[in-house]
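K.L.:
make a model of this:
(2 chains)
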Amino acid sequence: MEIFEILLNLLSWIFVLVGSFLMVLGAIGILRFHGFWARLHAASVIESGGMIFLLAGMCLQAGDFLIFFKLAFIGLFLFITGPTSTHALASAALLDRSKPKNERN
Amino acid sequence: MFLVATIALLISIILILLRLYFSETLFDRVLAVNAFGTIAVVLIGVVGFLSNRPDFLDIALLYALINFLGTIAILKYFRYRSIGDINDSSQNSSGEN
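P.N.:
Next up, the predicted model:
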């Protein structure tokens, strides 16, 4: 039982650290990349990768079934709506960029 | 553990706010606000775990819903110049409806 607790804590540490690293990496990408489409890629790193790893690390520390269920539902909802909003943003930007009056970058 | 995650999320929020301040186009701002909302959802949950109050997860769930609706509403407004009825406002600009 003791080795199980230690293993769970270790796995949770790894998930939370990887999630935090991906969050900071995506934020640096959003700040530093040139052009809109590269920044879209960096935002997708935040919305899929970092979010999933951080919520998985919190799920391993939950200890209660209701908290685990809420975290899993938040993760599922963000996992569906994040790429949907990113796709809508890319589609709107593509339609706006194809108009001849907009010749920004 | 959650203190490290909180500090990393706050650093990410500061970088995204810098992007939001120095951006040129509209879609960069929408992108930054969307990423800010996702980070804010995770930050609310992490702060709830940090202070041993997991009731914050309800607020995080509600904020995720509002963030998705807000992004879709902004994009729909800038595509059709209207949020409610599309057919009334886009008759004079294009005949695709």
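
K.L.:
just the helices in chain A please.
P.N.:
Ranges of helices within chain A are A:2-32, A:36-44, A:51-60, A:65-97, based on DSSP state H.

K.L.:
so is the second one next to chain B?
P.N.:
Going back to what we said before, that points to helix A:36-44. Yes. Contact between helix A:36-44 and chain B, assessed by Cβ under 8 Å from any Cβ of the partner chain, occurs at A:F36, A:R39, A:L40, A:A43. (Each C-beta comes from the backbone N, C-alpha and C, glycine too.)

K.L.:
low-confidence ranges, chain B, go.
P.N.:
Applying pLDDT under 70 to the predicted model, the residue ranges of chain B that meet it are B:82-97.

K.L.:
one more pass at 50, please.
P.N.:
For chain B, residues meeting the criterion pLDDT under 50 lie at B:90-97.

K.L.:
now render the helices of chain A as CSV, adding mean pLDDT and mean neighbour count.
P.N.:
CSV is the format used below for the helices of chain A (pLDDT from 0 to 100; neighbours: other Cβ atoms under 10 Å in any protein chain shown):
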stretch, mean pLDDT, mean neighbour count
helix A:2-32, 91, 17
helix A:36-44, 89, 18
helix A:51-60, 91, 23
helix A:65-97, 88, 16
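
K.L.:
and which of the residues of helix A:36-44 next to chain B is nearest to chain B?
P.N.:
Closest approach between the residues of helix A:36-44 next to chain B and chain B, by Cβ to the nearest Cβ: A:A43, at 4.6 Å.

K.L.:
and the gap between the closest one and A:I74?
P.N.:
As judged by Cβ to Cβ, to the nearest Å, A:A43 and A:I74 stand 19 Å apart.

K.L.:
got it, and B:P54?
P.N.:
B:P54 sits 12 Å away from A:I74, taking Cβ to Cβ as the criterion.

K.L.:
kindly report the same for B:F49.
P.N.:
With the distance defined as Cβ to Cβ, B:F49 ends up 13 Å from A:I74.

K.L.:
nearest to B:L65, out of the helices of chain A?
P.N.:
Across those, the minimum distance to B:L65, taken as Cβ to Cβ, is reached by helix A:65-97, at 7.5 Å.

K.L.:
do that closest one and chain B meet?
P.N.:
Yes. On the criterion Cβ under 8 Å from any Cβ, helix A:65-97 is in touch with chain B at A:67, A:70-71, A:73-74, A:77-78, A:81-82, A:84-86, A:88-89, A:92-93, A:95-96.

K.L.:
show me what that helix is packed against.
P.N.:
Here helix A:65-97 touches helix A:36-44, helix A:51-60, helix B:26-50, helix B:56-80, going by 3 or more Cβ pairs under 8 Å, 6 or more residues apart in numbering or on different chains; DSSP states H and E.

K.L.:
and B:M1, which of these is closest to it?
P.N.:
Relative to B:M1, the nearest member of those by Cβ to Cβ is helix A:51-60, separated by 7.7 Å.

K.L.:
can I get the closest one as CSV, trimmed to CA atoms?
P.N.:
Below are the C-alpha coordinates for helix A:51-60, written out as CSV (Å, rounded to 0.1, in the frame of the first residue of the first chain):
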residue,chain,number,x,y,z
MET,A,51,-4.4,21.3,-20.2
ILE,A,52,-4.7,17.5,-20.5
PHE,A,53,-1.5,16.9,-18.5
LEU,A,54,-2.4,19.3,-15.7
LEU,A,55,-5.9,17.9,-15.3
ALA,A,56,-4.5,14.3,-15.4
GLY,A,57,-2.1,15.2,-12.6
MET,A,58,-4.9,16.7,-10.6
CYS,A,59,-7.1,13.6,-11.2
LEU,A,60,-4.4,11.4,-9.6
